[in-house]
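[1] need a structure here:
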Amino acid sequence: MCEVQTLQEDLAQMFTEFREQRCFELLRLFGQVRSCDCDHQIRVRQIQKPALRLPMARRKLLAFCVIFLLLLLLLALMWIYTTRRYNQVAAMGSGACASTILFTHNDCDIYA
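    This is a model prediction of the structure:
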């Protein structure tokens with residue numbers, strides 16, 4: 001019984017090695033074969049690429065929306081800055097220490 005089992009295992013191992021060798025040989029041959037159908041290769045590459053590209057109209061719309069939102073954000077920041085400057089001038093007068101964008105002067109001496 002043991003001899004039959006070892007024979008069966010040896011045959012299975014031989015067939016698996018043959019199958020793997022045949023696969024490697026086919027892959028090697030496919031790599032060596034030159035194809036004259038270049039359009040087919042281009043189509044295959046395009047199919048294999050991930051489909052993450054958006055249509056041109058949708059990309060333009062997305063770019064327009066992003067630019068519009070950035071302009072709205074810039075407008076809001078300018079509005080806040082202008083309001084802050086107006087309130088500061090109204091409260092302390094035009095001779096008060098003006099704060100810049102990056103540094104605020106809290107210890108200004110105001111002489112009336």
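
[2] which helices and strands sit right next to the lengthiest helix in the chain?
    Assignment by DSSP state H gives helix 56-92 as the longest helix of the chain. Judged by 3 or more C-beta pairs under 8 Å, 6 or more residues apart in numbering; DSSP states H and E, helix 56-92 is in contact with no other helix or strand. Where C-beta positions appear, they are placed from N, C-alpha and C, glycine not excepted.

[3] So for it, mean pLDDT?
    Summarised as a single mean, pLDDT over helix 56-92 is 88.

[4] can you pull the buried residues of it?
    By 16 or more other C-beta atoms under 10 Å, the buried positions in helix 56-92 come out as Q88.

[5] which parts of the host helix or strand of A12 are buried?
    Under the criterion DSSP states H and E, the helix or strand holding A12 is helix 2-32. Buried positions in helix 2-32, judged by neighbour count with 16+ other C-beta under 10 Å: none.

[6] Now do the same for it: mean pLDDT, whole number.
    For helix 2-32, mean pLDDT is 85.

[7] Show me how the chain divides into domains.
    According to automatic domain parsing, the chain comprises the domains 1-53, 54-92.

[8] How much space separates L61 from P55?
    As judged by C-beta to C-beta, to the nearest Å, L61 and P55 stand 10 Å apart.

[9] Tell me how far E20 lies from M56.
    Distance, E20 to M56, using C-beta to C-beta: 47 Å.

[10] again but with V89, I slipped
    Distance from V89 to M56, by C-beta to C-beta: 49 Å.

[11] now R43
    Remark: distance between R43 and M56 (C-beta to C-beta) = 20 Å.

[12] Also C2?
    Going from C2 to M56 by C-beta to C-beta gives 71 Å.

[13] Next: Y81.
    Note on Y81: its distance to M56, by C-beta to C-beta, is 38 Å.
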